[in-house]
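Asker: Sequence isn't available, so here's the structure alone:
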């Protein structure tokens, strides 16, 4: 639900006209934004408008890269020189599209692998495979083969969304102490309350052994003090965060009474 900012109580301000003008300016800007958004929705159509909002990070990244090209992309002598300092960059940008897409996909997979291996957190050899196939369900599995003399191998596979690297998945995993792997993750700013930030997450939690439970969806919440909560609904997540704060307060109280 959209609401206007509260109108200032003019008698409480020395320069009441100034604050009223600022408030009116905010109201006018909200009205104009609504009109522009509605016009864009009609021009683009509902489906395209939804995709623009869903992939806002990717669109912003594309526009920033385009602006950078316009302002800076000029081929210089050292860029085309076979032995110049930018030789590796020059080779990479001249690779065929198929190779460049594979390189980009491998870079994203490497980010996901780092997150997974922090969650697995063993001294075993880790062999992983991360894919980004939208035609298959998002999932993660892991198995451990125990060998002799303390040698063992962990084999894991994961399938994550194509824009996983632009989501707050790594951040949420770190905030929760790498107790689970976020297969899908998105911010839910409309649910925020005070200093609490909410995220919708499709997660797979660690099992007692090296492995993962079936994925489950829910809400993660974190506040400015670093306390976290999880629940199937925003309300349940908030209650979980409050409980974690209470537990921390009890520990501090016990520590001071010893």
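Answerer: Noted; the coordinates are in hand. Values in this document were obtained by computation on a predicted structure and should not be read as measured data. Numbers count the residues shown, from 1 in each chain.
Asker: who touches the nearest residue to residue 220 once chain neighbours are set aside in this structure?
Answerer: Distances taken as CB to CB, 6 or more residues apart in numbering place residue 199 nearest to residue 220, at 4.5 Å, with adjacent residues excluded. For the C-beta atoms, the positions are set from N, CA and C on the backbone; glycine is no exception. Taking CB atoms under 8 Å, 6 or more residues apart in numbering, we find residue 199 in contact with 168, 172, 185, 186, 187, 188, 219, 220, 221, 222.
Asker: Can you tell me the strand partners of the helix or strand hosting the fourth one and which way each runs?
Answerer: With elements delineated by DSSP states H and E, residue 186 resides in strand 180-187, which encompasses its position. The pairing partners recorded for strand 180-187 under DSSP bridges are strand 197-205 (antiparallel).
Asker: In the partner strand, which of the residues would be classed as buried?
Answerer: For strand 197-205, burial by neighbour count (16 or more other CB atoms under 10 Å) applies to 197, 198, 199, 200, 201, 202, 203, 204.
Asker: Same list, these, but as TSV with distance to residue 108 and pLDDT please.
Answerer: Listed next are those as TSV, based on distance: CB to CB, whole Å; pLDDT from 0 to 100:
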residue	distance to residue 108	pLDDT
197	24	93
198	25	95
199	20	96
200	21	96
201	19	97
202	18	97
203	19	96
204	18	95
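Asker: quick check, nearest of those to residue 15?
Answerer: residue 197 (34.5 Å; CB to CB).
Asker: partner residues bridging the residue nearest to that closest one when sequence neighbours are not counted?
Answerer: What sits nearest to residue 197 in space, not counting adjacent residues and going by CB to CB, 6+ apart, is residue 222, at 5.6 Å. Residue 222 has these beta-bridge partners by DSSP bridges: residue 197, residue 228.
Asker: where's residue 222 relative to residue 51, distance?
Answerer: 28 Å (CB to CB, to the nearest Å).
Asker: Comparing these two, which residue is more hemmed in?
Answerer: Applying other CB atoms under 10 Å to residue 222 and residue 51 shows that residue 222 carries more neighbours, namely 20 against 14.
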